[in-house]
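K.L.:
Quick one, what's the 3D model for this:
(2 chains)
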Amino acid sequence: MSSTKKRRTQLDIGEGLRALSAYGDTPAAARALNPLTGRPFSARYYEILEKRRQLPVYGFLAEVLEAVRSHQTVVVEGETGSGKTTQIPQMLVTAGYARNGKCIACTQPRRVAAMSIAQRVSDELDVRLGEQVGYSIRFEDTTGPLTVLKFMTDGMLLREAMTDPFLERCGVVVLDEAHERTLSTDVLMGLLKELLVQRKDLRVVVMSATLDASKFQKYFDDAPLLRVPGRTHPVEIFYTPEPERDYVEAAVRTAAQIHACEAAGDILVFLTGEAEIEDVCARLRGEATKIGAERGELVVYPLYSSLPPHAQRKIFEPPPGPRIPGGMPGRKVVVSTNIAETSLTIDGIVYVVDPGFSKQKVYNPRIRVESLLVSPISRASAKQRAGRAGRTRPGKCFRLYTEASFKNDLQDQTYPEILRSKMSNVVLTLKKLGIDDLVHFDFMDPPAPETLMRALELLNYLNALDDDGVLTDLGKHMSELPLDPQLAKLLLASPEYSCSNEALSIVAMMSSPQVFLRPKQRQREADEAKTQFSHVDGDHLSLLNAYHAFKHHASDPSWANQNFLAHRSLVSADSVRDQLARILDQRLGIPLVSTDFASPDYYRNIRKAIVAGTFMQVAHLERSGNYLTVKDNQVVAIHPSSVLDAKPPWVCFEEFVLTSRNFIRTVTAVECRWLCEIAPHYYDLSNFPKCEARAELERQYRTILAERKLNKSPKQ
DNA sequence: AACTCATAT
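P.N.:
Numbers count the residues shown, from 1 in each chain, chains lettered A, B, ... in the order given. Here you go, the predicted model:
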């Protein structure tokens, strides 16, 4: 290890440039030793090198390096296929920016990208993945003492910043796919902007697709902007002459027409959600039977994230051949959510059908609710969708809206996530990072003041921030947990109620995607299966029952699906639980305890811990038979998926769902008394609207007071 | 009586 360290320090920029220009130039260079390992380069290295030299970015590397040498921040704008993601980070290593124990950190919005790019760059540099080049994502860190180049998720770098606030382990931070404007990338940009002032040796490279790169340039104080061409095929765009009334029907019709009239090549249709996609798939299969055998078979695949992996993999199967000799080959049509816009690339797509909608998260700070809305996409998103037709050869994109609508109605960019999300977790993270003045924190797009106020208010009620907005010890502990503040609070409060083991399971289940399955064709069966996990007091406890049952049947991998539970989600809940237990036990020294299962307090204690986290999300049953949320006075109904049968007078809930009605989901019955005892500062009647709930709270407080007096009075 | 895009720690 020490010899490698020495080698690493010997690399300087001059040597890096020499190494760079020597790549594949002469037979002498071909016999060179790999400066990273000291071993001769393999034959495979030279094979890959040939391909690398043909990437559009290759001719720009010296220019990028020069910009990094003379500026702290550089913005690189590069289209798909430019090679910037693989070439620029390794060029920085070769050029000596990973000296003195520092490394190059390159962020990606998605885990799979971090993993696959790390593998690719390891191959290109002729090193073993996990040694000089590695990746770091949640649950998996392949980096080690030799690592000089590390690919990681943006969320992971943000986590790292919490223990290394100056990012002293990083020589250069490369933010890739910055145009996606994920929550973590946006927070990192603000953080890095402050760090660059304090750490003059730090370098930042912001990489973006050709969307608004000048916005990044301006944000980073007129950093140099380098443009790298991409390598894609032209895509011809078609618009509808008139607006479409029903985009689902139009999508089916368009895809069927492509199959009937256009040359060979696969089709990608963008829709908004699972139900819509399954519906369109069924209709397309029907249409396909009407088309003559000379056109070849049409194979239809749905694609969305909750689809099991084996079904997702089907989209990569080659299309079928002709049905009759001399006929057209068959083709596949993939009907997908936005997952195919950025996360998954399907080779062979020549035709894209774009109805112009997607589901987007929106946050309403007034009612503190995040919800999903079907909304028109942005022009940037429309261009990205069209580009999916030109990956392998020239393609066509059919937009199911008018050209005028594209030009005049669509907004230029999708609103960044930071403007569409709750800020409670971000604020907690920033406080932990030592950023006290959130109002003046330099966000590229600052969230609405009301959204920040809501977050501060919530964290104050949870006792994560004191009245001056300073992080409390509890808040510090909460920030260590990869959870929403309410769930973190629930978990940290649970030892007081002797149920941290159970709280871990519940919180892990709530952090995982939908556990209970309900396929459209087998709803009754699914509902029946769910009853075996039902707990009379609500959904949190039913999740606990399901988790326990899963652990009990761990040896049988088919058990989950037979019982209409998502095996993938349960496995994910299990690893989340492991991670949380480790943080609690090893990092925070918090005891993992349970109440005796036979005790009548077993479930009551768990419900009290739930109140400790979610006392701000409580609804009260009115005499009218409706539930009203506490303080906000919104009329809500218990979601029909809830196991709660009776209508308990007080419930706390995990989420608020705005669909056909205002529903509350993941609901548990609680007692009025617990609200008064566990969260008196929130159920403070001097600050409480007049309503039925208030009257009941008043009665409860009088009872508690009377009992205290009784207990204090001397025994007779 | 139900209608969760995607991603991350």
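
K.L.:
Not counting sequence-adjacent ones, nearest residue to residue A:317?
P.N.:
residue A:332 (7.3 Å; CB to CB, 6 or more residues apart in numbering). Backbone N, C-alpha and C define where each C-beta goes, glycine included.

K.L.:
can you count the residues close to the one you found?
P.N.:
By other CB atoms under 10 Å, 23 other residues sit near residue A:332.

K.L.:
What's the per-residue pLDDT of it here?
P.N.:
In this prediction, residue A:332 carries a pLDDT score of 94.

K.L.:
Check residue A:5 too.
P.N.:
Per the predicted model, pLDDT is 37 at residue A:5.

K.L.:
what's the answer for residue A:16, then?
P.N.:
pLDDT, residue A:16: 47.

K.L.:
picking that back up, how far does the helix or strand harbouring the residue nearest to residue A:317 sit from the chain's center?
P.N.:
Assigned by DSSP states H and E, residue A:332 falls within strand A:331-336. Centroid separation between strand A:331-336 and its chain, computed with CA atoms, centre = their mean, to the nearest Å, is 25 Å.

K.L.:
Tell me the strands beside it, with direction?
P.N.:
Using DSSP bridges, the strands paired with strand A:331-336 are strand A:266-270 (parallel), strand A:298-303 (parallel).

K.L.:
Please name every helix or strand in contact with the longest helix along chain A.
P.N.:
With residue count as the measure and DSSP state H as the assignment, chain A has helix A:692-712 as its longest helix. Here helix A:692-712 touches strand A:618-621, helix A:672-678, going by 3 or more CB pairs under 8 Å, 6 or more residues apart in numbering; DSSP states H and E.

K.L.:
among the ones you listed, which is nearest DNA strand B?
P.N.:
DNA strand B lies closest to strand A:618-621 among the helices and strands packed on helix A:692-712, at 15.6 Å (CB to the nearest atom of the strand).

K.L.:
show me the contacts for residue A:320.
P.N.:
If a contact means CB atoms under 8 Å, 6 or more residues apart in numbering, then residue A:320 has A:296-297, A:299, A:329-330 as its contacts.

K.L.:
Excluding chain neighbours, give the residue nearest to residue A:364 in space.
P.N.:
Residue A:364 sits nearest to residue A:371 (CB to CB, 6+ apart), 7.4 Å away.

K.L.:
Assign the one you found to helix, strand or coil.
P.N.:
Put simply, residue A:371 is strand when judged by DSSP: H, G, I helix; E, B strand; the rest coil.

K.L.:
can you count the residues close to it?
P.N.:
Number of residues near residue A:371 (other CB under 10 Å) recorded here: 16.

K.L.:
State whether it and residue A:359 are indeed in contact, as I suppose.
P.N.:
No - with contact defined as CB atoms under 8 Å, residue A:371 and residue A:359 do not form a contacting pair (10.0 Å).

K.L.:
Measure how buried residue A:420 is and give me the count.
P.N.:
Residue A:420 - counted by other CB under 10 Å - has 17 other residues nearby.

K.L.:
Could I get the phi/psi values of residue A:381?
P.N.:
phi -70, psi -40 (degrees, to the nearest 10).

K.L.:
so it makes contact with residue A:412?
P.N.:
No - the pair residue A:381 / residue A:412 is not scored as a contact, 10.2 Å apart, by CB under 8 Å.

K.L.:
Looking at the two, which one has more neighbours?
P.N.:
Neighbour comparison, residue A:381 and residue A:412: the larger count goes to residue A:381, with 23 against 9 (by other CB under 10 Å).

K.L.:
need the contact list for that one.
P.N.:
A:341, A:358, A:414.

K.L.:
so where is chain A shaky, pLDDT-wise?
P.N.:
Residues of chain A meeting the criterion pLDDT under 70: A:1-31, A:713-716.

K.L.:
Send me the strand holding residue A:332 as CSV with only the CA atoms.
P.N.:
What follows is strand A:331-336, C-alpha atoms only, in CSV (Å, rounded to 0.1, in the frame of the first residue of the first chain):
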residue,chain,number,x,y,z
ARG,A,331,-41.5,-5.5,-33.7
LYS,A,332,-41.8,-4.8,-30.0
VAL,A,333,-43.6,-1.9,-28.4
VAL,A,334,-42.6,-0.9,-24.9
VAL,A,335,-45.2,1.0,-23.0
SER,A,336,-43.3,2.8,-20.2
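
K.L.:
Mind listing residues that contact the helix or strand that it is followed by?
P.N.:
Counting by DSSP H and E, the next helix or strand C-terminal to strand A:331-336 is helix A:339-342. The contact list for helix A:339-342 (CB under 8 Å, 6+ apart) reads A:177, A:180, A:268, A:270, A:303-305, A:334, A:346, A:381, A:384-385, A:388.

K.L.:
What's the PyMOL syntax to select whichever of these are buried?
P.N.:
Those of these that count as buried under 16 or more other CB atoms under 10 Å are selected in PyMOL with:
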select buried, chain A and resi 177+180+268+270+303+304+334+346+381+384+385+388
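
K.L.:
Tell me the residues of the stretch 451-600 of chain A that contact DNA strand B?
P.N.:
A:482-483, A:511, A:514, A:518, A:523, A:527 (CB under 7 Å from any atom of the strand).

K.L.:
Show me which of these are buried.
P.N.:
Here, 16+ other CB under 10 Å leaves A:482-483, A:511 buried among those.

K.L.:
Could you single out the nearest of the residues you listed to DNA strand B?
P.N.:
Among those, and counting by CB to the nearest atom of the strand, the member closest to DNA strand B is residue A:482, at 3.3 Å.

K.L.:
OK, contacts around the closest residue to residue A:303 other than its chain neighbours?
P.N.:
Excluding the flanking residues, the one nearest residue A:303 by CB to CB, 6+ apart is residue A:336, at 3.8 Å. Listed by CB under 8 Å, 6+ apart, the contact set of residue A:336 reads A:268-271, A:277, A:302-304, A:315, A:344.

K.L.:
Same check on residue A:103?
P.N.:
Counting by CB under 8 Å, 6+ apart, residue A:103 touches A:143, A:147-150, A:169-171.

K.L.:
Go through the helices and strands packed on helix A:692-712 and pick out the most buried.
P.N.:
With neighbours taken as mean count of other CB atoms under 10 Å, the helices and strands packed on helix A:692-712 reach their highest mean count in strand A:618-621, at a mean of 23.

K.L.:
what lines up beside the helix or strand just after that one in the sheet?
P.N.:
Moving toward the C-terminus from strand A:618-621, the next helix or strand (DSSP H and E) is strand A:627-629. Taking DSSP bridges as the criterion, strand A:627-629 forms sheet pairs with strand A:618-621 (antiparallel), strand A:635-638 (antiparallel).

K.L.:
Tell me how far the following helix or strand past the last one lies from the chain's centre.
P.N.:
Translated: strand A:635-638. The helix or strand immediately downstream of strand A:635-638 is strand A:650-658, counting by DSSP H and E. Counting by CA atoms, centre = their mean, strand A:650-658 is centred 23 Å from the centre of its parent chain.

K.L.:
ok, back up a step: now tabulate the contacts of residue A:336 in TSV and tack on distance to DNA strand B.
P.N.:
Shown next, in TSV, are the contacts of residue A:336 (distance: CB to the nearest atom of the strand, whole Å):
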residue	distance to DNA strand B
A:268	14
A:269	14
A:270	11
A:271	9
A:277	8
A:302	10
A:303	8
A:304	4
A:315	13
A:344	7
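
K.L.:
just to revisit the earlier point, just the buried members of the contacts of residue A:320?
P.N.:
Using 16+ other CB under 10 Å, the buried ones in the contacts of residue A:320 are A:296-297, A:299, A:330.

K.L.:
Rebuild the residues you listed as TSV, extending it with distance to residue A:289.
P.N.:
Below are these laid out as TSV (distance: CB to CB, whole Å):
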residue	distance to residue A:289
A:296	13
A:297	10
A:299	13
A:330	13
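
K.L.:
Filter those to keep only those in contact with DNA strand B.
P.N.:
Checked against DNA strand B using CB under 7 Å from any atom of the strand, the buried ones among the contacts of residue A:320 give no members in range.

K.L.:
Would you mind checking which of the residues you listed is nearest to DNA strand B?
P.N.:
residue A:299 (20.6 Å).

K.L.:
mind listing what the closest residue to that closest one other than its chain neighbours touches?
P.N.:
Residue nearest to residue A:299 in three dimensions, not counting chain neighbours: residue A:332, with 4.6 Å by CB to CB, 6+ apart. Residue A:332 makes contact with A:266-267, A:298-301, A:315, A:317, A:319, A:348 under the criterion CB under 8 Å, 6+ apart.
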